[in-house]
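Trainee: coords below, sequence missing:
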């Protein structure tokens, strides 16, 4: 089976998700800077979600770069990931419009958690197909980032009811963690080329 | 004629359909879990349609993997399929917002039926062009899934006025039937490679 | 310059235009068939525009299949075509919501006319770059369809104020004319392969 | 790393941005030409932004045509550019709906400025990776257009509070400046081919 079409379809879905989020930034009727200020929480949650989707696209890109064959299981694990990512515009808009109220913030964290779990399942499905000595398995190594992230999201859900700033602080912290592109795969790939 | 551009265009349309469906999940103004509960039927019908579109993409992928040449007839049969699939966001939103009322459920089933017929026509158009001994014809075999599905949809339309649960049960049943990826084509392909 | 990226971008824009048109089919609040009936004119104008965009995609596909090099002029002629096509969702929704009133029907015809002119300019730009003996120039021949279509649209604009049925009849007539895929290019291509 | 997927993703995002802008052209309820006239400022700002996005796509196309390897830094610089471009539908709609009022015009200019800076950063990131003697570095040369444009946007921001016509005049002036496709890269490329 052909991985190019899976990549193209995923790119399409991610490109649409990242772009329709901006539709939640509804054009205000007034032409004043005050009208813009009201939109600030929606704008900031848009920025956060844009960065998260950028990270997912970036890591997805790396992961499939190190993948050769695509099975039915991988196809569905990929669609499962896209499903949770497709809920980002909704949770982003809800959290933003309610000025980071506790419940929307907790739900935002829940969708981040489910997307992280879906990404982990996809990664496992690819490694299961390629074997433990595969390029991807070596590149990921102990995967401390992939393990720490869901723990942070899980903590952020109840903490939203203590203080939404702690939860959002955790979301931003995880984003910074991943903003550094996944050099592990790049390193292993370039080592291979040298051999 | 080039099948890559037909695949790319279909991927684009399917990616957009699957993603704009989420726009029907309208951001509630309240920040409570109760507001989310009201959205539950819309969410569940979104999940169902997401799975259906995933199945169509998956099978479309397999079908064109086994196709070499694209004729004008195949192009239009493909656009005809995309037309019915493009109505999914509408019927999904209508069924969800009306908490699975009989008429929207019946219309949802009607669009599923028309998409299944359009898929069948597309399959026939490809086999007609490739010959009865083609890879696709062999892979599909007697095509009991492709024949059982429209029967289920057809039954679900009047049954929606008896009980919407029967109709939705049928929709879920057919989805599970197809969720197993089309191993027939995979099998025939891998047999060819062995020879 | 690379024609693949121009094709991919055009496919993306056309896929989005064809799909967001369906957003004008607004989900009714009532769950009755009567609510659907009210949407009938919007639905029918959606069908008409879907067919038109399918024709444009189809012909665009054929035209660039017969094109080798892409210049800056061709890029901008292509964007000019996409601009007029991007107005289809607007004119389709306006004509549909107003139950085919004269002014929206005339404006619908005007946008069809501008798209036809933009297509003609794009075709000229490609032939200018490839020479009069090029594959595309031969394939198009006297291009009676490409010349008759804008005449029909031009006639449909004032006729909308006489009877919208004449105008819509002309739109449907031209669509049927083109629905037959552009066999001219297919023929010339297959002749070349024989040589 | 593969530049094709970065190009495909960017094409997808640009195609969506350019197309969803048209959703700000809201279908009027009345069927008269007067209703269209009210939309004129929204339409004109749509045309302006369509041309700007066409220019960005065109230059992006040229820039990556002259790029071989893609690093993590280039990926993020590209996402940064797409972020600012994704705000075009919002600023276009806001400026249009408020009939080119000063504040929305200044904000429109601000987003143009940020996009120009993001483009400059991306260009620097590519040249940094390819070396000063690279194809792109030579093709760009002194880059007077790339330096003059942000100066014009910067001037247009405060000038919007003097007269929005000066600001919009500056926006149109810069668009014309770039409408001429970036022949510099084309020239260097064709010279290379001759060698």
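Mentor: Done, it's in. This one's a predicted model, so the numbers in the text were calculated from it and none came from an experiment.
Trainee: In chain A, where is pLDDT below threshold?
Mentor: A:1, A:132, A:180-195 (pLDDT under 70).
Trainee: Which positions in chain A make contact with chain C?
Mentor: residue A:12 (Cβ under 8 Å from any Cβ of the partner chain). C-beta coordinates here come from the backbone N, C-alpha and C atoms, glycine included.
Trainee: Can you pull the residues of chain A lying near chain D?
Mentor: Residues of chain A lying near chain D (Cβ under 8 Å from any Cβ): A:7-8, A:11-12, A:14-16, A:18-20, A:22-23, A:25, A:27-33, A:36, A:47, A:50, A:54, A:57-58, A:61-62, A:65, A:179-181, A:183, A:186.
Trainee: at 6 Å instead, please
Mentor: Chain A comes close to chain D at residues A:11-12, A:15-16, A:19, A:22, A:25, A:27, A:31-33, A:50, A:54, A:58, A:61, A:181, as judged by Cβ under 6 Å from any Cβ of the partner chain.
Trainee: which stretches of chain A form helices?
Mentor: Counting by DSSP state H, chain A has helices at residues A:3-20, A:33-38, A:40-65, A:72-86, A:88-97, A:102-130, A:135-140, A:144-159, A:164-179, A:183-194.
Trainee: ok, of the residues of chain A next to chain D, which one's closest to chain B?
Mentor: Distance to chain B across these (Cβ to the nearest Cβ) is lowest for residue A:12, with 3.3 Å.
Trainee: Near the closest one, how many other residues are there?
Mentor: Per other Cβ atoms under 10 Å in any protein chain shown, the neighbour tally for residue A:12 reads 29.
Trainee: and if you look at the one 3 residues further on?
Mentor: A total of 28 residues lie near residue A:15 under the criterion other Cβ under 10 Å.
Trainee: and the nearest residue to it once chain neighbours are set aside, what does it touch?
Mentor: Distance criterion Cβ to Cβ, 6 or more residues apart in numbering or on different chains; nearest residue to residue A:15, sequence neighbours excluded, is residue D:12 at 3.3 Å. Neighbouring residues of residue D:12 by Cβ atoms under 6 Å, 6 or more residues apart in numbering or on different chains: A:11-12, A:15, C:12.
Trainee: Mind doing that once more with 10 Å?
Mentor: When contacts are counted by Cβ atoms under 10 Å, 6 or more residues apart in numbering or on different chains, residue D:12 touches A:8, A:11-16, A:18-19, B:12, B:15-16, C:8-9, C:11-12, C:15-16, D:82.
Trainee: Likewise for residue A:40?
Mentor: A:96, A:99.
Trainee: just how off-centre is stretch A:94-105 within its chain?
Mentor: With Cα atoms, centre = their mean, to the nearest Å as the basis, stretch A:94-105 stands 19 Å off its chain's centre.
Trainee: Among the helices of chain A, show me which one is buried the most.
Mentor: Stretch with highest mean neighbour count among the helices of chain A: helix A:88-97 (a mean of 25; mean count of other Cβ atoms under 10 Å in any protein chain shown).
Trainee: quick one: residue A:174 and residue A:58, what's the gap?
Mentor: 14 Å (Cβ to Cβ, to the nearest Å).
Trainee: same question, residue A:113
Mentor: Distance from residue A:113 to residue A:58, by Cβ to Cβ: 20 Å.
Trainee: mind checking how far the residue nearest to residue A:15 is from residue D:169?
Mentor: From residue D:12 over to residue D:169 (counting by Cβ to Cβ), the distance is 33 Å.
Trainee: now residue A:143
Mentor: Residue A:143 is 55 Å from residue D:169, by Cβ to Cβ.
Trainee: residues in contact with residue A:46?
Mentor: Residue A:46 neighbours (Cβ under 10 Å, 6+ apart): A:18, A:21-22, A:24-25, A:39, A:89, A:92-93, A:96, D:83, D:86-87, D:90.
Trainee: rerun at 7 Å
Mentor: A:21-22, A:25, A:92, A:96 (Cβ atoms under 7 Å, 6 or more residues apart in numbering or on different chains).
Trainee: Quickly check those residues for the two that are furthest apart.
Mentor: For these, the maximum inter-member distance is 11.5 Å, found between A:22 and A:96 (Cβ to Cβ).
Trainee: so residue A:178 touches residue A:54, yeah?
Mentor: No: shown here, residue A:178 and residue A:54 do not form a contact pair, counting by Cβ atoms under 7 Å, at 9.4 Å.
Trainee: Which residue comes closest to residue A:98 once chain neighbours are left out?
Mentor: residue B:31 (3.9 Å).
Trainee: Please state the backbone phi and psi of that neighbour?
Mentor: Main-chain torsions, residue B:31, degrees, to the nearest 10: phi -110, psi 30.
Trainee: count of neighbours near it?
Mentor: As a measure of burial, residue B:31 has 19 neighbours, counting by other Cβ under 10 Å.
Trainee: Does it touch residue A:104 like I think?
Mentor: Yes: using Cβ under 7 Å, residue B:31 is in contact with residue A:104, at 5.3 Å.
Trainee: Give me the common contacts of those two.
Mentor: residue A:98.
Trainee: Of the contacts of residue A:46, just say which sits nearest to residue C:117.
Mentor: residue A:22 (32.1 Å).
Trainee: mind listing what that closest one touches?
Mentor: Contacts of residue A:22 (Cβ under 7 Å, 6+ apart): A:46, D:86-87, D:89-90.
Trainee: Please report the distance of it from residue D:48.
Mentor: 18 Å.
Trainee: Repeat that for residue A:162.
Mentor: Here residue A:162 is placed at a distance of 48 Å from residue D:48 (Cβ to Cβ).
Trainee: which outside residues touch stretch A:76-87?
Mentor: By Cβ under 7 Å, 6+ apart, stretch A:76-87 touches A:6, A:10, A:13-14, A:17, A:53, A:56, A:111, A:114-115, A:118-119, A:121-122, A:125, B:19, B:22, B:50, B:54.
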